[in-house]
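>>> Next comes the sequence, and after it the predicted model I'd like to discuss.
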Amino acid sequence: MIIVNGRLELTVAHIEALEPAFAAMEQASREENGCFDYTFSIEVNEPSTVRITERWESMEALRIHFASTHMGEFQAALAEHSPTNAEVHFYEADRELPRP
């Protein structure tokens, strides 16, 4: 499984302007083959920070996602409201651990 953990720093106004793009991206991504989860969330203590959490079956599924129409549309929307900082990390996990 591939886990993606991203962080975007934006102004609160840009986050509000991007809400339709966030919602469309979540919905379209969750419908893709190989997508187990795709979620945007806003940090409670830092309302100008958006977290991106994704879980994918494989790197191939993620590559297909990056080439999707909705990814292009999302990137265009994000370019109109550029983050002041963005970071994305990719992890490969071979199993889920039981809850302690």
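Nice, I can see it.

>>> what is the mean pLDDT for the helix or strand in which Glu26 is found?
Glu26 belongs to helix 12-30 when assigned by DSSP states H and E. Throughout helix 12-30, pLDDT has a mean value of 98.

>>> List the buried residues of it.
His14, Ile15, Leu18, Ala21, Phe22, Met25, Glu26, Ala28, Ser29 (16 or more other CB atoms under 10 Å). In short, each C-beta sits where N, CA and C put it, glycine included.

>>> Contacts only, for the fifth one.
With CB atoms under 8 Å, 6 or more residues apart in numbering as the criterion, the residues that contact Phe22 are Phe40, Val50.

>>> give the contact list for Met25.
Counting by CB under 8 Å, 6+ apart, Met25 has contacts Tyr38, Phe40, His70, Met71, Phe74.

>>> any idea how far the spatially most central residue of the chain lies from Arg95?
With distances taken as CA atoms, centre = their mean, Ile52 lies nearest the centre of the chain, 3.8 Å away. Distance from Ile52 to Arg95, counting by CB to CB, to the nearest Å: 23 Å.

>>> give me the beta-bridge partners of Phe90?
Beta-bridge partners for Phe90, by DSSP bridges, are Val4.
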